[in-house]
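J.: Task: produce atomic coordinates for the following.
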Amino acid sequence: MNPLERPHNEYRHAFERISELSLALLAELNQRPTFPTITGQEARKRFSDPLPELGMGAAALDGLQAVIDASRLQNSRFFGYVLGSGEPIAAAADLLASVLNQNVTAWRSGPAAATIEQVVVGWLAEAVGCNGFVGTLTGGGSAANLMALAMARETRMPSNDDGVQQSGTVYASDQSHMSIPKAVALLGLGRHSLRSIPCDPDFRMRVDLLRQEIDKDAQEGKTPVAIVGTAGTVATGSIDPLAELAAIAKSCGAWFHVDGAFGALAAIARPADFAGMNQADSLSLDPHKWLYQPLDCGCLLYRDRAAAQKTFSYTGDYAKSLLEDPVESFSFFDETLELSRRFRALKLWLSLRFHGLNAFRQQIENDLEMASHLKGLVARAPDLELMAPVPLSAVCFRFVPASQPLRDPQLDDFNLKILNRVQRGGRVFISNATIHGSFALRACIVNHRTTRPDVEAVVDEVVKVGHAVLSEA
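T.: So this is what the prediction gives:
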């Protein structure tokens, strides 16, 4: 008897049990706390059973409720980080994707999976105004940004057998995501090749300073490899002047990449805010953010398929396609960093077909309106101070007690205490950011479950906790 093969009724029981737990969680999600009442030591103790030598069978499923109870939940009051809320139809599709277990390396490895991914990528490109772009689904924006800058390096300053020439430069704003300097380092360009361009008061890259830096580097004989524009900075959601950056990139011969992991999908609802994005050579975006897909589901779009093939096509004889049909001979591994790739497209394909694009457009607009509502609440609250503009859905603010004036760094420490207590309290979940060197509380609304009472709870909770912390000082 095969020890890993079980009778069909046992599989049915397991699937039904997992489905029941999932549906029960969805039904009560908004009534549960956003953060579990568990410490790190308690979690370690709860899940550190010895590796069983003999199988537990159905009894193993009894541990799943403990996993749920010790999880930080994506309910309607979760506003931490930039993370989507896990649309349930997509989650159901993920189970089928795991059962199918398609390794989406090429068409021959998964005909339906490969075809659906290409279709979905085309849908995404069309939805954000980049018709004609092609691309691949990735694990997230960090992988997409790394791949995009690899393409920039290989097309603008190819490496030779001795390695990368140390004369290329990459330009990004001082608000760019941490994946940009990480990619520059991993690609061997050298950390000092990244030029961090200051931003204006709205946290948008200053094009005048960018031009100055490019001119200075040109005089030193350096090659402009890439300009990275950001469509939704991680702290404030600010959008760089993309059309101007595109023109500069074209004039100096640099690759123009837009990191749109946070904000690009908001172009579905507000395309005018993203003018110039369609002039990019590449664009990263994250359906697991503003299309509310379960992790993981990122995407890299690009204009020129040949650039991707030049960068990533290192196929050994064991993997080369022997087919001549143009559809059936397609291989993702010739255009992406990964070889083994899961069927990420199924959940997105099913979710978009089930709800329709307009439903997502309306929900993105709702998130933007919720952020505007929270901004107004913060502005009107006597003890709260808005710390940055709100171009998308990230609201940065802090508690500044009117009755007991505090100065930095006292305010930083004070608001850090508020954040820790708010998160542990479990009513709402917010995160933090650094704004002009000061500590800020940050609520980012990328959540299809959120309503007005949910964002109003942010202000209520922060004010309540702030006064409690103040009374203890």
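J.: buried ones in stretch 59-78?
T.: Leu73, Gln74, Asn75, Ser76, Arg77, Phe78 (16 or more other C-beta atoms under 10 Å). For glycine as for every other residue, the C-beta is placed from the backbone atoms N, C-alpha and C.
J.: Please save the CA atoms from that stretch in CSV.
T.: Coordinates of each C-alpha in stretch 59-78 appear next as CSV, following Å, rounded to 0.1, in the frame of the first residue of the first chain:
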residue,chain,number,x,y,z
ALA,A,59,-6.6,14.3,14.0
ALA,A,60,-4.0,16.5,12.3
LEU,A,61,-6.9,18.8,11.2
ASP,A,62,-7.7,19.6,14.8
GLY,A,63,-4.7,21.9,14.9
LEU,A,64,-6.1,24.2,12.2
GLN,A,65,-8.3,26.2,14.5
ALA,A,66,-5.3,27.1,16.6
VAL,A,67,-3.6,28.4,13.4
ILE,A,68,-6.7,30.6,12.8
ASP,A,69,-6.8,31.8,16.4
ALA,A,70,-3.1,32.8,16.3
SER,A,71,-3.3,34.7,13.0
ARG,A,72,-3.4,38.4,12.3
LEU,A,73,-6.7,38.7,10.3
GLN,A,74,-7.5,40.7,7.2
ASN,A,75,-10.9,41.9,8.4
SER,A,76,-12.5,45.3,7.6
ARG,A,77,-10.4,47.1,10.1
PHE,A,78,-7.0,46.0,8.9
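J.: What segments of the stretch 251-400 of the chain are strands?
T.: Secondary structure of the stretch 251-400 of the chain by DSSP state E, counting those that start in this stretch: the strands cover 255-259, 282-285, 298-302, 384-386, 394-399.
J.: shaky segments in the stretch 201-350 of the chain?
T.: For the stretch 201-350 of the chain, applying pLDDT under 70 flags the ranges 315-323.
J.: Quick one: the helices in it, in order.
T.: Counting by DSSP state H, counting those that start in this stretch, the stretch 201-350 of the chain has helices at residues 207-219, 242-252, 287-290, 305-312, 345-355.
J.: Quick check: which of those helices is nearest to Thr34?
T.: helix 287-290 (18.0 Å; C-beta to C-beta).
J.: in the longest helix anywhere in the chain, what's buried?
T.: What stands out as the longest helix in the chain, according to DSSP state H, is helix 357-380. Of the residues in helix 357-380, 360-361, 363-364, 366-368, 370-371, 374-375, 377-378 count as buried by neighbour count, 16+ other C-beta under 10 Å.
J.: repeat for stretch 246-264
T.: Result for stretch 246-264 [16+ other C-beta under 10 Å]: buried residues 246, 248-249, 252, 254-264.
J.: Stretch 130-137 now?
T.: For stretch 130-137, by 16+ other C-beta under 10 Å, it's Cys130, Phe133, Val134, Gly135, Thr136, Leu137.
J.: pLDDT at Arg77, what is it?
T.: pLDDT recorded at Arg77 is 97.
J.: do you know how far it is from Leu374?
T.: The gap separating Arg77 from Leu374 is 12 Å, by C-beta to C-beta, to the nearest Å.
J.: With Val207 instead?
T.: 30 Å.
J.: got a list of what Phe414 touches?
T.: Contacts for Phe414 (C-beta atoms under 8 Å, 6 or more residues apart in numbering) come out as Phe399, Pro401, Leu406, Gly466, Val469, Leu470, Ala473.
J.: Closest to Ala43 out of these?
T.: Among the contacts of Phe414, and counting by C-beta to C-beta, the member closest to Ala43 is Val469, at 25.9 Å.
J.: Quick one, grab the pLDDT at that closest one.
T.: According to the model, Val469 scores 94 on pLDDT.
J.: quick check, it in a helix?
T.: Yes - secondary structure of Val469 (DSSP: H, G, I helix; E, B strand; the rest coil): part of a helix.
J.: what's the closest non-adjacent residue to it?
T.: Lys417 (5.1 Å; C-beta to C-beta, 6 or more residues apart in numbering).
J.: what's around the one you found, how many residues?
T.: 18 (other C-beta atoms under 10 Å).
J.: Would you confirm that Ile430 contacts Asp454?
T.: No - applying C-beta atoms under 8 Å as the test, Ile430 and Asp454 come out as separate, 11.7 Å apart.
J.: Who has more neighbours out of those two?
T.: Ile430 (23 against 20).
J.: ok, the more buried one - contacts?
T.: Phe79, Gly80, Leu419, Val422, Gln423, Leu441, Arg442, Ala443, Val458, Val462.
J.: quick one: which of these is most hemmed in?
T.: Top of those by neighbour count (other C-beta under 10 Å): Phe79, with 30 neighbours.
J.: mind checking the backbone torsions on that one?
T.: phi -130, psi 30 (degrees, to the nearest 10).
J.: And it, how close does it get to Gly63?
T.: For Phe79, the distance to Gly63 equals 30 Å [C-beta to C-beta].
J.: can you check Ala125 too?
T.: 42 Å.
J.: Could you tell me which residues make contact with the residue nearest to His288 when sequence neighbours are not counted?
T.: Excluding the flanking residues, the one nearest His288 by C-beta to C-beta, 6+ apart is Cys297, at 4.3 Å. Cys297 makes contact with Leu137, Asp286, Pro287, His288, Leu291, Arg344, Lys347, Leu348, according to C-beta under 8 Å, 6+ apart.
J.: burial count for the last one?
T.: Other residues near Leu348 number 26, with proximity taken as other C-beta under 10 Å.
J.: Quick one: mean pLDDT over the helix or strand encompassing Gln41.
T.: Element membership of Gln41, judged by DSSP states H and E, is helix 40-47. Average pLDDT, helix 40-47: 94.
J.: Please list all residues in contact with the closest residue to Asp273 other than its chain neighbours.
T.: Counting by C-beta to C-beta, 6+ apart, Ile239 is the residue found nearest to Asp273 once chain neighbours are left out, at 6.1 Å. Under the criterion of C-beta under 8 Å, 6+ apart, the neighbours of Ile239 are Arg204, Thr230, Ala231, Gly232, Thr233, Gly263, Asp273, Phe274, Pro391, Leu392.
J.: Look up phi and psi at the fourth one.
T.: Comment: the main-chain dihedrals of Gly232 come out as phi 110, psi 80, following degrees, to the nearest 10.
J.: Asp325 versus the residue lying closest to it once chain neighbours are set aside, what's the distance?
T.: Nearest residue to Gly232, sequence neighbours excluded (C-beta to C-beta, 6+ apart): Gly263, at 2.3 Å. To Asp325, Gly263 is 39 Å away according to C-beta to C-beta.
J.: State the distance from the residue nearest to Gly232 to Arg206.
T.: For Gly263 relative to Arg206 (C-beta to C-beta), the value is 19 Å.
J.: How about Glu20?
T.: 55 Å.
J.: out of those two, which sits in the more crowded spot?
T.: Using other C-beta under 10 Å, the more surrounded residue of Glu20 and Arg206 is Arg206, with 16 against 10.
J.: Please name the residues that touch Lys289.
T.: Val82, Leu83, Gly84, Ala261, Phe262, Leu265, Val446.
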